[in-house]
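Engineer: what would the 3D arrangement of this be:
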Amino acid sequence: MNSLQQSLILSFFLTAFLALPVSAADMAAGEQKAEPCTSCHGQKGNSSNAQWPNLAAQQSTYLANQLKAFKTGDRINLMMQSMTANLNNEDINNLAAYFSSQKPVKAGGDPALAKSGESKAAMCLGCHGSTAQGNGQFPRLAGQHPEYLAQQLKAFKDGSRKSGPMQAIIANLSEADFKALAAYFGSL
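Structural biologist: Numbers count the residues shown, from 1 in each chain. Presented below is the predicted three-dimensional model:
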């Protein structure tokens, strides 16, 4: 092995080693910062209230983007806007890292309704991942509360929640379709 190869290998391992404590510190800082979040989003991000989303195992990029959108007012929710007002970018990234690393629980849903939603789910999986686990900026749908998902779909359709792609994709779906899709994803 020549000296260039040795240097590259050493650099790789040194970089990997130095990155470990930073990741752990980010999640530890996120866990400390998450205490106020647990009253609505539950311990470790698994909400027991169907009107608030589960954050556990959610995509880190998605979580950070949503927290920033609440903070700037690009996404409207008075409670979340007040909760994010004093967060800086480091806090937001730490919270996103913490919640994305937590173990999710299934929200459940009506099995018959979930079965009818399964046939419509393919239109969602291109962005949200083949098993609805999410994909970077696209959120995890699997295990989310059906009531919350249906409410968000309705908000996309009526324009109270903005997202050009979502509004176009769901334009021809009914409220019954929303409930069926939400039950399916909640059952995963």
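Engineer: who touches the residue positioned nearest the centre of the chain in this structure?
Structural biologist: In the chain, the residue lying closest to the centroid (C-alpha atoms, centre = their mean) is residue 58, at 3.3 Å. Residue 58 is in contact with 45, 99, 100, 134, 139, 140, counting by C-beta atoms under 8 Å, 6 or more residues apart in numbering. For glycine as for every other residue, the C-beta is placed from the backbone atoms N, C-alpha and C.
Engineer: and the last one, how far is that from residue 159?
Structural biologist: This points to residue 140. 24 Å (C-beta to C-beta, to the nearest Å).
Engineer: neighbour count: those two, which is higher?
Structural biologist: residue 140 (26 against 9; other C-beta atoms under 10 Å).
Engineer: does that one touch residue 134 like I think?
Structural biologist: Yes. Judged on C-beta atoms under 8 Å, residue 140 makes contact with residue 134 at a distance of 3.5 Å.
Engineer: which residues do these two both contact?
Structural biologist: Contacts common to residue 140 and residue 134, judged by C-beta under 8 Å, 6+ apart, are 58, 59, 62, 128.
Engineer: of these, closest to residue 88?
Structural biologist: residue 62 (19.1 Å; C-beta to C-beta).
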